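> Pasting a predicted model and its sequence here:
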Amino acid sequence: MKNNLRGLYVITDKKLIGRDQFVVTVEKSIKGGASIVQLREKDTPEKEIIDLGRQILQVTKKYNVPLIINDSPELTREIGADGVHLGGEDGSITKARELLGNNAIIGVTCYNEVERGLYAVQNGADYVAFGTPYNTPTKPQREPTSIDTLKEAVSLINTIPIFAIGGITKENAGPILETGVNGIAVITSIFGSTDPETAARELTKLYREN
């Protein structure tokens, strides 16, 4: 699955998706073209995350799409998910690799720091994410990542995939895709939509056109 790390990366948000429609909504995003799914649960009991993760994993396996768990290598292993996404305070890549094994996907948030991306490469990350290029309700205090920073990251980090995340919509995705990033990660553009399948299809089409 490490060869499939590109395109539209969707990240869940429980504020945008009702629990009764959670799994169905994620499946709709995959049908629309999402190639990676991240389960991102903040302030949710671990048992609930595990139960939800296992339900979503049944769907992602059906479509051969990787399921990534945010923050926690331990929950990733418990769920049996394909990988983990580490933020700045989520522990080291090395420890996550020791726990999850060589086949696991490990992604790292790099904010707007190219040096952090280079460090991630050196320590065995499978992809990196830079953001936010645009204002986003999910990370309202985040310092913007410039187009030039994305271009620099693409120039210097050429051995693993690079994703851009933050406020990306079908209307503003063009300049981001033109930097040469391997994919875009979105939350609100898909799960804030009344039709996540169509929203995913429209963003996927933009990616293919670029």
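In hand now; what should we look at?
> Buried residues of stretch 23-32, list them for me.
Counting neighbours by 16 or more other C-beta atoms under 10 Å, one finds that the buried residues in stretch 23-32 are 25-30, 32. Every residue, glycine included, has its C-beta placed from N, CA and C.
> Can you give me the neighbour number for Gly18?
Using other C-beta atoms under 10 Å, the number of residues around Gly18 comes to 10.
> With respect to Thr12, which of the buried residues of stretch 23-32 is nearest?
Val26 (6.6 Å; C-beta to C-beta).
> Would you check that that closest one makes contact with Val59?
Yes - under the contact definition of C-beta atoms under 8 Å, Val26 touches Val59, with a separation of 6.2 Å.
> Which residues does stretch 195-210 contact?
In this structure, residues lying in contact with stretch 195-210 by C-beta atoms under 8 Å, 6 or more residues apart in numbering are 7-8, 10, 25, 28-34, 170, 173-174, 177-178, 183-184, 186, 189-190, 193.
> Show the buried residues in those.
7-8, 10, 25, 28-30, 32-34, 173, 177, 183-184, 186, 189-190, 193.
> List the buried residues in the lowest-mean-pLDDT helix or strand in the chain.
The element with the least model confidence among the helices and strands of the chain, by mean pLDDT, DSSP states H and E, is helix 196-209, at a mean of 89. With burial defined by 16+ other C-beta under 10 Å, the residues of helix 196-209 counted as buried are 196-197, 199-204, 206-207.
> Looking at the residues you listed, which is nearest Asp126?
Tyr207 (19.4 Å).
> Leaving out sequence neighbours, find the closest residue to Asn70.
The shortest distance from Asn70 to any non-neighbouring residue, by C-beta to C-beta, 6 or more residues apart in numbering, is to Arg40 (4.1 Å).
> hang on, isn't that neighbour packed against Ile11?
Yes - the pair formed by Arg40 and Ile11 meets the contact definition of C-beta under 8 Å, at 5.1 Å.
> So those two - more neighbours on which side?
For Arg40 against Ile11, the residue with the higher neighbour count under other C-beta under 10 Å is Ile11, and the figures read 22 against 19.
> low pLDDT regions in this structure?
Applying pLDDT under 70 to the chain flags residues 136-142, 208-210.
> Now do the strands in it.
When assigned using DSSP state E, the strands of the chain occupy the ranges 7-11, 36-39, 67-70, 83-86, 105-111, 127-130, 162-165, 183-186.
> Put the alpha carbons of the longest one into PDB.
So the one you mean is strand 105-111. As requested, C-alpha coordinates have been extracted for strand 105-111 and formatted as PDB (Å, rounded to 0.1, in the frame of the first residue of the first chain):
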ATOM      1  CA  ILE A 105       2.800   3.600   6.800                       C
ATOM      2  CA  ILE A 106       4.100   6.400   8.900                       C
ATOM      3  CA  GLY A 107       3.300  10.000   8.000                       C
ATOM      4  CA  VAL A 108       4.500  13.100   9.600                       C
ATOM      5  CA  THR A 109       3.200  16.600   9.900                       C
ATOM      6  CA  CYS A 110       5.800  19.200   9.000                       C
ATOM      7  CA  TYR A 111       3.800  22.400   9.400                       C
END
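> roughly how far apart are Ser92 and Pro73?
In this structure, Ser92 and Pro73 are separated by 10 Å, where distance is defined by C-beta to C-beta, to the nearest Å.
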